[in-house]
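Chemist: sequence and predicted structure, then a few things I'm wondering about:
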Amino acid sequence: MRKLNPGDLAPQSGSYAVCDKNGRRMATVSVRKGDHLPPTQSSEYYYEYAE
């Protein structure tokens, strides 16, 4: 799955998992297509589409 960074535009509407640097899912957020992904608690965290 493609890694997305905070501030990136969501490529599609749905749930995105907040993952730590080891790929462990920390939380999920709902984002609409074209909206910016919200900030995370650490600069090492990233987003993946959670379906």
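Modeler: Received, thanks. Numbers count the residues shown, from 1 in each chain.
Chemist: strands along the chain, start to end?
Modeler: Here the chain has its strands, by DSSP state E, at 14-19, 25-31, 46-49.
Chemist: residue 3 is nearest to which of these?
Modeler: Residue 3 sits nearest to strand 46-49 of all the strands of the chain, at 4.6 Å, using CB to CB. The way it works is simple: take the backbone N, C-alpha and C, and place the C-beta from them, glycine included.
Chemist: would you list the strands of the chain in CSV and tack on mean pLDDT, distance to residue 1 and mean neighbour count?
Modeler: What follows is the strands of the chain, written out as CSV (pLDDT from 0 to 100; distance: least, CB to CB, whole Å; neighbours: other CB atoms under 10 Å):
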stretch, mean pLDDT, distance to residue 1, mean neighbour count
strand 14-19, 97, 9, 18
strand 25-31, 96, 11, 14
strand 46-49, 97, 5, 19
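Chemist: which one, of the ones you listed, ends up nearest to residue 8?
Modeler: strand 46-49 (7.4 Å).
Chemist: by contact count, what packs against that closest one?
Modeler: For strand 46-49, the elements it packs on are strand 14-19, judged by 3 or more CB pairs under 8 Å, 6 or more residues apart in numbering; DSSP states H and E.
Chemist: ok so, going back, same list (the strands of the chain) but as TSV, adding distance to residue 6.
Modeler: Output for those, formatted as TSV (distance: least, CB to CB, whole Å):
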stretch	distance to residue 6
strand 14-19	9
strand 25-31	10
strand 46-49	7
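Chemist: between the ones you listed, which gets nearest to residue 40?
Modeler: For residue 40, the closest of the strands of the chain is strand 14-19, at 5.7 Å, according to CB to CB.
Chemist: relative to strand 25-31, how tilted is that closest one?
Modeler: Using axes from the mean of the first three to the mean of the last three CA atoms, to 10 degrees, the direction of strand 14-19 lies 150 degrees away from that of strand 25-31.
Chemist: note down every partner strand of strand 14-19 and its orientation.
Modeler: Partners of strand 14-19 in the sheet, by DSSP bridges, are strand 25-31 (antiparallel), strand 46-49 (antiparallel).
Chemist: quick one: distance of that strand to the chain centre.
Modeler: Put simply, strand 14-19 sits 4 Å off its chain's centre (CA atoms, centre = their mean, to the nearest Å).
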